[in-house]
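> Quick one, structure for this:
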Amino acid sequence: MRGTMPRLLACLSLFFFLVPVTYVHGPVPPANDSQYITLEPIAFDARDPTRTQVGRLEYLGGWKITSDNVEFGGISSMLALPDNRFLMLSDNGTLVGFTLDERNHQALRPFIAPLPDGPAKPNEYAKLNWDSESILHDPETGQFWVGYEHQHSIWRYGSSFARKEAENFPAAMQKWPENGGAEAMLRLPDGRFLVFSELAEYSNGGCQALIFDADASEPTSKAVRFGYQPPNGYMLTDAAILDGKSALMLHRQFTPLDGLSAILSIAQLKDFQPGKIVTSIPIATLTPPLKVGNMEALAITRDADGTIVWIASDDNFSVLQETLLLKFRLLKGKDMRKKPAAKRQNEKAGASPGFSTFESD
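Presented below is the predicted three-dimensional model:
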């Protein structure tokens, strides 16, 4: 059994990670509790290195992420913070953080640390007891929210994850499938929270989702149901607010014949209403030979040229799967329509595998 010192060091690393400082290289810790994270650049399409576009996504770069730390893996959601810092949440109650040095393909100031508290206490069997699936952050207060399945609940943590501040086990979530809980979570501009089940069926179609009238981690908040209908054959894995009117929705699918694939779509915030079944418009489909895994984490940043979309994968703690981080620019619909008519026609005819032809705004 590992001692408490590595966990203490990891938690201290988390605190300093959330406060920008100058990075200093240090010795690589022992493998079992390693705080070392490596990045390996990857091609978007192994068959065509020049390809950079799929639907409304322009590929800007990608990395395979590895660590010797036994708690690393299972990434279910993530946050993209200022200064190219990333905070990823594993489904075993572990936080993975680093500053991305894109030029040198390095993870600077890395840390791997357990959440300070959760539905079950940290122990050697955390993977069986903590299933943290979704995360939100308020940059003004520094607070974080985490959605759990198995023990269906929403928890709020203080700045830098210093402590747990609130917990709520909503009655409307308690009959959700054990492995189909709070897969995605959104905070609307007006302060309401949306929590999406991956598997709980909605009576009128799609999967159940909840609108909380206030902070979902507070037991006094009230929730009402609506339905979300993913693209046919896919399951929702994450979501992120795109702007004041819309949200990006991430979905994945696995079939024995075709393997893994993912769909990114856009939903309108005005459609998230009690009793309604909400759909979204797909804007890109990732299928082989494009680089794709069990895509479960989504984040959005912005630069001088527009919106950047980050997608990460869950390796399920399996040596047969990978933890990927992919970076895309979100193209506008008019950018798609600038392509020559002949090329668009070939893509619609299926000449380019995995290429989505959706051009909606």
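> Residue 157: what's it in contact with?
115, 116, 117, 143, 144, 145, 146, 163, 164, 165 (CB atoms under 8 Å, 6 or more residues apart in numbering). Glycine gets a C-beta too; all of them are placed from N, C-alpha and C.
> Bridge partners for it, pull those for me.
According to DSSP bridges, the residues that bridge with residue 157 are residue 144, residue 164.
> Tell me the pLDDT of it.
As summarised for this prediction, residue 157 has a pLDDT of 97.
> Now rank the contacts of residue 157 by neighbours and give me the top one.
residue 146 (29 neighbours; other CB atoms under 10 Å).
> how much space is there between the closest residue to residue 273 other than its chain neighbours and residue 202?
The shortest distance from residue 273 to any non-neighbouring residue, by CB to CB, 6 or more residues apart in numbering, is to residue 226 (6.3 Å). Spatial separation of residue 226 from residue 202 under the definition CB to CB, to the nearest Å is 7 Å.
> related to what we said a few turns ago, looking at the contacts of residue 157, which is nearest residue 313?
Comparing the contacts of residue 157 against residue 313 with CB to CB picks out residue 146 as the nearest, at 19.5 Å.
> so the residue nearest to residue 273 makes contact with residue 212?
No. With contact defined as CB atoms under 8 Å, residue 226 does not reach residue 212; the gap is 11.7 Å.
> okay, the two: which has more neighbours?
Taking neighbours as other CB under 10 Å, residue 226 and residue 212 compare with residue 212 leading, 24 against 21.
> Give me the distance between the more buried one and residue 182.
11 Å.
> Give me the common contacts of those two.
Taking CB under 8 Å, 6+ apart as the criterion, residue 212 and residue 182 both touch residue 195.
> Can you tell me which of the contacts of residue 157 is nearest residue 258?
residue 146 (32.4 Å).
> which residues sit in contact with that closest one?
Each residue near residue 146 by CB under 8 Å, 6+ apart is listed here: 89, 115, 118, 132, 134, 135, 154, 155, 157.
> and it, what element?
Per DSSP states H and E: residue 146 is located in strand 144-148.
> same question for that strand, mean pLDDT?
Taken as a whole, strand 144-148 has an average pLDDT of 97.
> coming back round to it: so which of the contacts of residue 157 comes closest to residue 99?
Within the contacts of residue 157, distances to residue 99 taken as CB to CB reach their minimum at residue 144, with 18.2 Å.
> wait, doesn't the closest one sit right on residue 161?
Yes. A contact is recorded between residue 144 and residue 161 when judged using CB under 8 Å, the distance being 6.1 Å.
> Could you give the bridge partners of the residue most central in space within the chain?
Taking CA atoms, centre = their mean, the centroid of the chain lies closest to residue 297, which sits 1.7 Å from it. With DSSP bridges applied, the residues forming beta bridges to residue 297 are residue 312.
> Touching, it and residue 248? I think so.
No. Counting by CB under 8 Å, residue 248 is not a contact partner of residue 297; they are 11.9 Å apart.
> end-to-end on stretch 215-233?
The first and last residues of stretch 215-233 sit 32 Å apart, counting by CA to CA, to the nearest Å.
> i'd like the first residue to be 29 from this point on
Sure, I'll start counting at 29 from here, so that last one is stretch 243-261.
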